[in-house]
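Sequence first, predicted model second:
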Protein chains: 2
Amino acid sequence: MADLARELGVSMTTISRALSDHHSIGPVTKQAVLKLAKKLNYQPNHLAAALRKGRSKMLGVMVPYIEGRFFASVVHGIETAASRAGYSIIICQSSEDVAQERRNIETLLSAQVAGILVSVSRTTLDFRHFEKVRKHGVPLVFFDRVLEGENINSVVLNDQKGAYLATRHLLAQGCRRIAHLAGPQHLNIYKNRRFGYLEALESYNLQPDDSLIVECDMSVDGGQAATAQLLALPTPPDAVFSAGDSAALGALQLLKSRGVRVPEDVALVGFSNEALTLVAEPNITSVDQRCEEMGQATFRLFTELVEAGSTTLTQRQVVLQPQLFERASSLHLSPK
Amino acid sequence: MADLARELGVSMTTISRALSDHHSIGPVTKQAVLKLAKKLNYQPNHLAAALRKGRSKMLGVMVPYIEGRFFASVVHGIETAASRAGYSIIICQSSEDVAQERRNIETLLSAQVAGILVSVSRTTLDFRHFEKVRKHGVPLVFFDRVLEGENINSVVLNDQKGAYLATRHLLAQGCRRIAHLAGPQHLNIYKNRRFGYLEALESYNLQPDDSLIVECDMSVDGGQAATAQLLALPTPPDAVFSAGDSAALGALQLLKSRGVRVPEDVALVGFSNEALTLVAEPNITSVDQRCEEMGQATFRLFTELVEAGSTTLTQRQVVLQPQLFERASSLHLSPK
DNA sequence: TTGTAAGCGTTATCAT
DNA sequence: ATGATAACGCTTACAA
């Protein structure tokens, strides 16, 4: 920048203003500066600008892990929206580890990010590190895995409604003994999915049967084991609603291996609408989580917070509506 | 930092040194500084440090898109290795668009990243924006999708060898009419996979049969169509080696729908070792691309460049060895 | 072992 | 419409 100033015989102030399109700058001067900048291929130093201005155009995004369709898609959504608005994103993984999560928060704060978007790790039980973020006046938005508490800005899927839709669908197909493969109940998403399941049963005036609700780790193996347990019941279920697709796959595998027909004997619905639902045979009905919309919405919520300024300490919740994709694993059941 | 200095009655130099563990600092002073820093919860400003030092601990990573198992896994590998070494990563997507790629490079340079790791977009034909990176003295490493040219540091998979292993495996299982679902031949990865296929045939003194090589877009539908074409041949193949897993899945679906048994009538091998290979029935034999190792290797190559200093303008190539995972789709064939 | 002071590349304030 | 100058928070010669 000093070079430009010397070359053109003007002050650095003028250069700075011309480059940042300040209103009070001569159009002639401006053009001259821009031209010379191109010629000398001037490279702006965002670090210096950020240091001076006290805020950068960097956004911290933390997820438990970046692999896996869900988070990769959400991050894609965030990055796309962010880059359109001139933000770059710094990505961090907590690897489901609170300690790592804390370290990442430190790193992001040190990097003077303009905001932090986070999906918390499974092992997160205390939230002081997030308090710190607020103390620093850095906008904080949670997505998918959110914190219970006050003054939380978050974007979540309406998991309960998704589960409700899934279960209602099974009920509409004539199923009456619907089992639920539940996920770890300390995670809100899984708890809400169980609520949605119960809500749907209730809407049909059905009593929930505790023996039909099996908690598992949502892995393929977990789904198999849980399903084996269900088949061993005196009266086995006529449908299974799994809170995750992998466990649904496990269920499908086990049912097939036992000669149980899907959907004729047992109908099956999963959750997440992963790619595997279209690979399995039969294809698995599942609830879509609107990953990309979640990313976009998360970024949008961040910008809203920025515009609102740190003065207003509002709490905003964006709730996305899930969508059920009906497939062969739960369709065309013979009426009972 | 000034606060700490005032509070302890020492200079900022001492503070700085204590915090960065400088050698010539009294252990007593150091402890005192660290303790007070904790108490006042001092937050270092990496931007300022980076500005002063001229180099940051940020790494730019650019991929065509972050969704999709392959790039997500590579990024995971990079991030994990990088964060262990104290680097944060800024992620960018080119969306397969050169213009976006150029903009991203500008952004990353402006952010004063310590290095740039990139997998180029499909539409990249001129490389001036990468030249610029070198002019700025910023280490540049390509992975997977690399640039042809001199002085290129890159990490790639040995695709040809992967295809060779896959085809040799089919040959060892007794197959002799092995078809190949080839990908778009302007991409070097698919070209190399075809070469590997041909090389394996040659190693068994088999003449390649052009009617057995079908180019398709590597989608599920593409794989189905290509396989239908193969089955219509006067002498259909006894095995299919697909350059991608999705197309392999398409092939499997079509074969099953036609009553062709896999692997008994037609054996099947894919490429990429995607999750779907373990969901399909039978599980599909596939070539693993070592995504995570690629990420690690890419980061390691970056650190080597840093250590070597900008003085040495070496060209380094890391070639990862693919690994064949043999599964039911190509195993236990009855001898012919 | 510790302190002084300059400077990294910007931008904001105040003056002209 | 433009310029001089200070400052953002940190590191590092150089000096003590």
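Sure, I can see it. Numbers count the residues shown, from 1 in each chain, chains lettered A, B, ... in the order given.

residues from the stretch 151-300 of chain A in reach of chain B?
Taking C-beta under 8 Å from any C-beta of the partner chain as the contact definition, the stretch 151-300 of chain A meets chain B at A:L249, A:A275, A:L276, A:V279, A:A280, A:E281. C-beta: built from backbone N, CA, C; applies to glycine.

Against A:D159, how distant is the residue positioned nearest the centre of chain A?
Among the residues of chain A, the one closest to the centroid is A:D144, at 4.2 Å (C-alpha atoms, centre = their mean). Using C-beta to C-beta, to the nearest Å, we find A:D144 at a distance of 9 Å from A:D159.

anything in contact with each of the two?
Among the neighbours of A:D144, those also in contact with A:D159 (C-beta atoms under 8 Å, 6 or more residues apart in numbering or on different chains) are A:I189.

what about stretch A:308-319, start to end distance?
According to C-alpha to C-alpha, to the nearest Å, stretch A:308-319 extends 20 Å from its N-terminal end residue to its C-terminal end residue.

show me where chain A has strands.
A:58-63, A:88-93, A:115-118, A:140-143, A:154-157, A:178-182, A:213-215, A:239-242, A:267-272, A:285-288, A:317-320, A:323-325 (DSSP state E).

DNA strand C contacts on the stretch 1-150 of chain A?
Where the stretch 1-150 of chain A comes near DNA strand C, counting by C-beta under 7 Å from any atom of the strand, the residues are A:1-2, A:12-13, A:16, A:19-20, A:42-45, A:48-49, A:51-53.

Please name every helix or strand in contact with whichever helix in chain A runs longest.
Among all segments of chain A classified by DSSP state H, the helix with the greatest residue count is helix A:291-308. Counting by 3 or more C-beta pairs under 8 Å, 6 or more residues apart in numbering or on different chains; DSSP states H and E, the packing neighbours recorded for helix A:291-308 are helix A:69-84, strand A:115-118, strand A:140-143, strand A:154-157, strand A:317-320.

If you count neighbours, what's buried in that helix?
Applying a neighbour-count criterion of 16 or more other C-beta atoms under 10 Å in any protein chain shown, one finds A:291-299, A:301-303, A:305 buried in helix A:291-308.

quick one: that helix to helix A:69-84, angle?
Here helix A:291-308 points in a direction 40 degrees away from that of helix A:69-84 (axes from the mean of the first three to the mean of the last three C-alpha atoms, to 10 degrees).

Okay, angle between helix A:291-308 and strand A:267-272 too, please.
Note on geometry: by the same axes, to 10 degrees, helix A:291-308 and strand A:267-272 are set 40 degrees apart in direction.

Show me what helix A:291-308 is in contact with.
Residues lying outside helix A:291-308 but in contact with it, judged by C-beta under 8 Å, 6+ apart, are A:59, A:69-70, A:73-82, A:85, A:87, A:114-115, A:117, A:139, A:141, A:143-144, A:153, A:155, A:157, A:314, A:316, A:318, A:320.

do the same with stretch A:117-134
When contacts are taken as C-beta under 8 Å, 6+ apart, the neighbours of stretch A:117-134 outside the stretch itself are A:59-64, A:71, A:74, A:78, A:94-98, A:100-102, A:105-106, A:109, A:116, A:140-147, A:149, A:151, A:184, A:187, A:298-299, A:302, B:41.

Please pick the buried ones from these.
By the neighbour-count criterion of 16+ other C-beta under 10 Å, those include these buried positions: A:59-64, A:71, A:74, A:78, A:94-95, A:97-98, A:100-102, A:105, A:109, A:116, A:140-147, A:187, A:298-299, A:302.

roughly how far apart are A:L212 and A:Y164?
Noted for A:L212: a distance of 17 Å to A:Y164, by C-beta to C-beta.

Who has more neighbours out of the two?
When neighbours are counted by other C-beta atoms under 10 Å in any protein chain shown, A:L212 and A:Y164 differ, and A:Y164 comes out ahead with 25 against 21.

residue ranges with poor pLDDT in chain A?
Filtered on pLDDT under 70, chain A yields the residue ranges A:310-313, A:333-336.

residue ranges for the helices of it, please.
Counting by DSSP H, chain A has these helices, from start to end: A:2-8, A:12-19, A:27-39, A:46-53, A:69-84, A:98-110, A:128-135, A:159-172, A:188-203, A:220-231, A:245-257, A:291-308.

Residue of the stretch 101-250 of chain A closest to DNA strand C, please.
Sorted by distance to DNA strand C under C-beta to the nearest atom of the strand, the residues of the stretch 101-250 of chain A start with A:Q112, at 12.2 Å.

wait, that residue sits on B:P44?
No - counting by C-beta atoms under 8 Å, A:Q112 sits too far from B:P44 to count as a contact (10.1 Å).

what about those two, which has more around it?
Neighbour comparison, A:Q112 and B:P44: the larger count goes to A:Q112, with 22 against 17 (by other C-beta under 10 Å).

Now render the residues of the stretch 151-300 of chain A next to chain B as a markdown table, adding neighbour count.
Supplementary listing: those in a markdown table, determined by neighbours: other C-beta atoms under 10 Å in any protein chain shown:
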| residue | neighbour count |
| --- | --- |
| A:L249 | 25 |
| A:A275 | 15 |
| A:L276 | 24 |
| A:V279 | 24 |
| A:A280 | 25 |
| A:E281 | 15 |
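
Nearest to A:V28, out of those residues: which one, please.
Of all those, the one sitting nearest A:V28 is A:A275; the distance, using C-beta to C-beta, is 57.3 Å.

pretty sure that closest one contacts B:A280?
No - at 11.6 Å, A:A275 and B:A280 do not qualify as touching, with contact defined as C-beta under 8 Å.

tell me the contacts of A:D288?
A:S272, A:N273, A:P322, A:Q323, A:L324, A:F325.

Would you mind measuring from it to B:H169?
38 Å.

before we move on, what about A:Q323?
Between A:Q323 and B:H169 the distance is 42 Å, computed by C-beta to C-beta.
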